[in-house]
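1. Give the three-dimensional model of this entry:
(2 chains)
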Amino acid sequence: MQKEGSEVNTPEKSLETISRQEVEDFLYKEGYLLDEWQLDEWLSLFTPDAQYMVPTNDLPEADPENDLVYIDHDFDRMKAWTVRLKNSMAHREYPWSHTVHMVSNVRLLGVEDGRLIVTAPFLVWRFRYKDSEYFAGHYRYALKLVDGELKIRSKRVRMDMPSLRPRGAISIIL
Amino acid sequence: MITERALNIKDLINDKPEEGLFAYNRLAMTSPEILELEKQKIFQKCWLYLGHESEVTKPGDFVRRDIAGEPLFFVRSRQTGKINVFYNTCTHRGATICRQDTGTVRTLQCFYHSWTFNTDGELVGVPDEEGYGAWDRKKWGLKSPRVENYRGFLFVNFNPDAEDLITYLAGAREYLDYVVDGPEAVAELFGIPEGGLELLRGTHSYAIKANWKLLAENSIDGYHVGPVHETYMQYLRNAGVQTGGGVQGGEGKDLGNGHGVMQSVAPWGRPIAQWIPTFGEAAKPDIERMHDYLLQKFGEERGHTISQLSRNLLVFPNLVINDIMGITVRTFHPLAPDYMEVTQKELAPKGERGDLRAMRLDSYLSFLGPGGFASPDDTEAMEACQQGFQAKQVEWTNMSRGLHHHPPKYTDEHHIRAFWRGWYRRMTAEE
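-> The predicted structure is shown next:
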């Protein structure tokens, strides 16, 4: 299928043909938005049926319907999360931390059910007052194309530290 | 001013109810000497929560856990089916023999020299045993602390002379019963044969850079809920929940022996059994059935307590069971005056139907745990207190709220004073 007009020679973008570089640019953008606390723009990267999940350190394969995890948000809860983090009464994050979201070794694992599966190790640093801490692990994304733009259908954040200690919370968005 | 050099425990608490004053000296929160004394007089003397029997369902299942800095593990015996608790150290040279957090074993073999123990702790294998001549191998089995089980909750005690667990629990026993009775009754209602509670898989293991007693306080502090958890209340309101003025009325109780509880009707929902809109319309009829069944089975008053009241129970010194929008089992151990390790899990009815289980988990996570909409702000509050304690000229913490209230309210500090009075009694006890 081809579009009309000036794009007549451009093949329709598809998950099958998308390049790693395009996916990397997308993930870098997500990290940038989080570091800049542009939470509404970050939320707009997700589809309305999106899921965001962080399993516990001791059960990375957790099923949030049956097992205790740290975070298991649908889109509405993610939205409530951004509302909370913008509130000065979210004491753990007021004032906001400085964060550095780093993502690398991006791998495109193929398309399943119209979703491009992407994995990438991450390292997120958080600095605030006397706290200087990192979160390290692996992201697993399921990405979709919506109107030609990449969107996140699901994001699973597997941490690789044996526990959250010495950290006290996951108060930032990983 | 009390300095660390001339520290006397008796000077650390200013308990003068007739003057409307209860205060403690903040050295209790910052002094390494106090922590050393706490280890001797509290953590080596009290019944300490170890785990829950549902964590080891099959013969040979084990869980490794450090309690008060002591390496332990518990295992379900392949011979008797009973739960054994052992110090996690080989009787030969001392290496830890249980080297994973969970799993299932036939026997336990120390990797250092291959001494092998069965799940009753008996030494059953020693390579080249002739090297020990005519010894009595039976004397070299694994060693155990005292252990008792109350309705599935396993406690250990390192003091051979300690009172029995039921006596120790005092008034806290009644509140543990409320936590267990509801799910057991609901299992009858839904026809689940092996009813009761189980600890779910997945552990919230985090740390707080604060004295361990701050978490004992915070876990049963109703006064902070409004200011600290405003964003959680806002989340509930935005989701269509009527939060009214937050937690209203309620009561705080001294349960004896340092235990305390606060209990009240609260604006959040309870999977057993108080429905709110975030639980979804589909769950409403079942939650109402549970509520009606509990009132029918236990009568108006007890049924109401079990189904409608949220309770935060502190079992001295370091077990917290929050029976609120989910059921937490939270335990915490100090590693330094300003640092504790927290381990928190979730209790749920065994055999719970999938949709109700998912709803319960979602309800729990909305508030609780390091990624919830509330607990991170508690952590912030405790760490802020610990930072404030560094102002050494400001010696006293005011814990007097509601001294003149009879009965004390949920938002009073009566039940927190119960903890501190239990602390004081143990810290000043003669050997």
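2. Mind listing residues that contact stretch A:150-158?
-> For stretch A:150-158, the surrounding residues in contact (CB atoms under 8 Å, 6 or more residues apart in numbering or on different chains) are A:18, A:22-23, A:26, A:30, A:45-47, A:49-55, A:60, A:71, A:115, A:122, A:137-145, A:174. From N, CA and C alone the C-beta is placed, and that goes for glycine too.
3. Filter those residues down to the ones in strands?
-> The subset of the contacts of stretch A:150-158 located in strands under the criterion DSSP state E comprises A:46-47, A:49-55, A:71, A:115, A:122, A:137-145.
4. Report the buried members of those.
-> Applying a neighbour-count criterion of 16 or more other CB atoms under 10 Å in any protein chain shown, the buried members of the ones in strands among the contacts of stretch A:150-158 are A:46-47, A:50-55, A:71, A:115, A:122, A:137, A:139-145.
5. out of everything not next to it in sequence, what's closest to the most centrally placed residue in chain B?
-> For chain B, the residue nearest the mean C-alpha position is B:Leu319 (2.4 Å; CA atoms, centre = their mean). When the adjacent residues along the chain are set aside, B:Leu319 lies closest to B:Tyr49, with 4.0 Å between them (CB to CB, 6 or more residues apart in numbering or on different chains).
6. Please list which of the buried ones among the ones in strands among the contacts of stretch A:150-158 are also close to chain B.
-> Taking CB under 8 Å from any CB of the partner chain, the overlap between those and the neighbourhood of chain B is A:54-55, A:71.
7. quick one: stretch B:238-253 to chain centroid distance?
-> With CA atoms, centre = their mean, to the nearest Å as the basis, the distance from the averaged C-alpha position of stretch B:238-253 to the chain average is 24 Å.
8. which of the residues in the strand or helix carrying B:Glu36 are buried?
-> In this structure, B:Glu36 is located in helix B:32-38 according to DSSP states H and E. By neighbour count, and taking 16+ other CB under 10 Å as the criterion, the buried residues in helix B:32-38 are B:34-35, B:37-38.
9. Those residues of chain A touching chain B, which are they?
-> A:54-59, A:62, A:64-72, A:77, A:80-81, A:83-84, A:87, A:89-93, A:130, A:163-171.
10. Show me what counts as buried in the longest helix anywhere in chain A.
-> For chain A, the helix reaching the highest residue count under DSSP state H is reported as helix A:20-35. Residues A:23-24, A:26-27, A:30-31, A:33-35 are the ones in helix A:20-35 that count as buried (16+ other CB under 10 Å).
11. ok, then the element right after that helix?
-> Past helix A:20-35, further along toward the C-terminus, the next helix or strand under DSSP H and E is helix A:39-43.
12. what residue ranges in chain A score low on pLDDT?
-> By pLDDT under 70, the weakly predicted segments of chain A are A:1-11.
13. Show me what the residue positioned nearest the centre of it bridges to in the sheet.
-> In chain A, the centroid-proximal residue (CA atoms, centre = their mean) is A:Lys155; its distance is 5.2 Å. Partner residues in beta bridges with A:Lys155, using DSSP bridges, are A:Tyr52, A:Tyr141.
14. nearest to chain B, of the buried residues of helix A:20-35?
-> Within the buried residues of helix A:20-35, proximity to chain B (CB to the nearest CB) peaks at A:Leu34, which comes in at 15.3 Å.
15. ok, the closest one to B:Arg64 distance?
-> In this structure, A:Leu34 and B:Arg64 are separated by 36 Å, where distance is defined by CB to CB, to the nearest Å.
16. ok, the residue nearest to B:Leu319 - contacts?
-> Neighbour list for B:Tyr49: B:153-155, B:315, B:318-319, B:329, B:331 [criterion: CB under 8 Å, 6+ apart].
17. how about the residues of the stretch 1-150 of chain B near chain A?
-> Counting by CB under 8 Å from any CB, the residues of the stretch 1-150 of chain B lying close to chain A are B:Asp101.
18. how about B:Gly351, what does it touch?
-> With contact set as CB under 8 Å, 6+ apart, B:Gly351 has these partners: B:187, B:190, B:192-195.
19. what are the ranges of the helices in chain B?
-> Defined through DSSP H, the helices belonging to chain B, from first to last, are B:27-30, B:32-38, B:165-169, B:172-189, B:212-219, B:225-228, B:230-238, B:284-308, B:354-367, B:375-388, B:414-427.
20. Residues in contact with the fifth one: which ones?
-> By that I understand helix B:212-219. Residues beyond helix B:212-219 that count as contacts (CB under 8 Å, 6+ apart) turn out to be B:28-29, B:208, B:224, B:312, B:314, B:316-318, B:320, B:322, B:330, B:332-334, B:340, B:342, B:378, B:381-382, B:385-386, B:416, B:419, B:423.
21. And the first one, by the same measure?
-> Around helix B:27-30, the neighbours that count as contacts under CB under 8 Å, 6+ apart are B:2, B:4, B:7, B:12, B:34, B:211, B:213-214, B:337-338, B:385-386, B:389-390, B:395, B:397.
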